[in-house]
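Student: pasted the sequence and its predicted model underneath.
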Amino acid sequence: MGIELELHSGRPSRKRASRETLLRGSYGHGEALARALSTLDRHGSGKLGWVDPYGDTLFNEQEAQVARQEVVALTQRCTDEQQKAALLDLAELLEACAATPGSYLWFMGD
């Protein structure tokens with residue numbers, strides 16, 4: 001199980017056309033990111049708990065802004081170096097998404 005990330009300038013499509021909106025991807029931390037996010041309560045009030053490790057989840061720029069605070073707290077609690085690297089990469093993409101009007105961060109689970 002892993003979660004890959006893609007930052008898109010607009011709402012991505014599952015078709016090849018999604019490459020037209022792709023700004024940046026993160027494909028090297030999938031399993032570590034899934035493990036780190038699995039510690040969150042899926043029924044809690046946080047945004048990162050919504051991420052489906054087996055499906056796709058989209059965050060718009062407003063949701064990314066809220067999730068930035070969550071990832072900071074999660075990173076501070078993390079002791080696993082691979083998970084910490086995955087969370088730092090996620091934090092950068094959330095920051096970029098929050099700062100880019102109309103953008104989406106696509107969490108692609110498997």
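Tutor: Now that the structure is in, tell me what you want to look at. Please read these numbers as outputs of a predicted model, since none were measured by experiment. Numbering: from 1, shown residues only.

Student: C-alpha only now, for contacts and for neighbours.
Tutor: Fine.

Student: give the contact list for the closest residue in space to residue 29 that isn't next to it in sequence.
Tutor: Nearest-residue entry for residue 29: residue 86, 5.2 Å, with adjacent residues in sequence omitted and distances by CA to CA, 6 or more residues apart in numbering. Under the criterion of CA atoms under 8 Å, 6 or more residues apart in numbering, the neighbours of residue 86 are 29-30, 32-33.

Student: can you tell me the element residue 86 falls in?
Tutor: Residue 86 is located in helix 81-98, with elements delineated by DSSP states H and E.

Student: what's the offset of that helix from the middle of its chain?
Tutor: Remark: helix 81-98 is offset 8 Å from the chain centroid, using CA atoms, centre = their mean, to the nearest Å.

Student: adjacent strands (with direction) for the helix or strand following that helix?
Tutor: Later in the chain than helix 81-98, the nearest helix or strand by DSSP H and E is strand 104-109. Its sheet considered, strand 104-109 pairs with strand 3-8 (antiparallel), strand 56-60 (antiparallel) by DSSP bridges.

Student: most packed of these?
Tutor: Compared across the strands paired with strand 104-109, strand 3-8 shows the largest average neighbour count, a mean of 24 (mean count of other CA atoms under 10 Å).

Student: got a list of contacts for that strand?
Tutor: 18, 21-31, 33-34, 53, 90, 93, 97, 103-110.

Student: buried ones among those residues?
Tutor: Among these, those buried by neighbour count (16 or more other CA atoms under 10 Å) are 21-23, 26, 29-31, 33-34, 53, 90, 93, 97, 103-109.

Student: tell me the contacts of the closest residue to residue 10 other than its chain neighbours?
Tutor: Nearest non-adjacent residue to residue 10, counting by CA to CA, 6+ apart: residue 103, 4.9 Å away. Neighbour list for residue 103: 7-11, 60-61, 97 [criterion: CA under 8 Å, 6+ apart].

Student: and with 6 Å instead?
Tutor: 8-10, 61, 97 (CA atoms under 6 Å, 6 or more residues apart in numbering).

Student: mind putting the residues you listed into a markdown table with distance to residue 74 and pLDDT?
Tutor: Shown next, in a markdown table, are the contacts of residue 103 (distance: CA to CA, whole Å; pLDDT from 0 to 100):
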| residue | distance to residue 74 | pLDDT |
| --- | --- | --- |
| 8 | 24 | 97 |
| 9 | 26 | 96 |
| 10 | 27 | 95 |
| 61 | 20 | 96 |
| 97 | 19 | 98 |
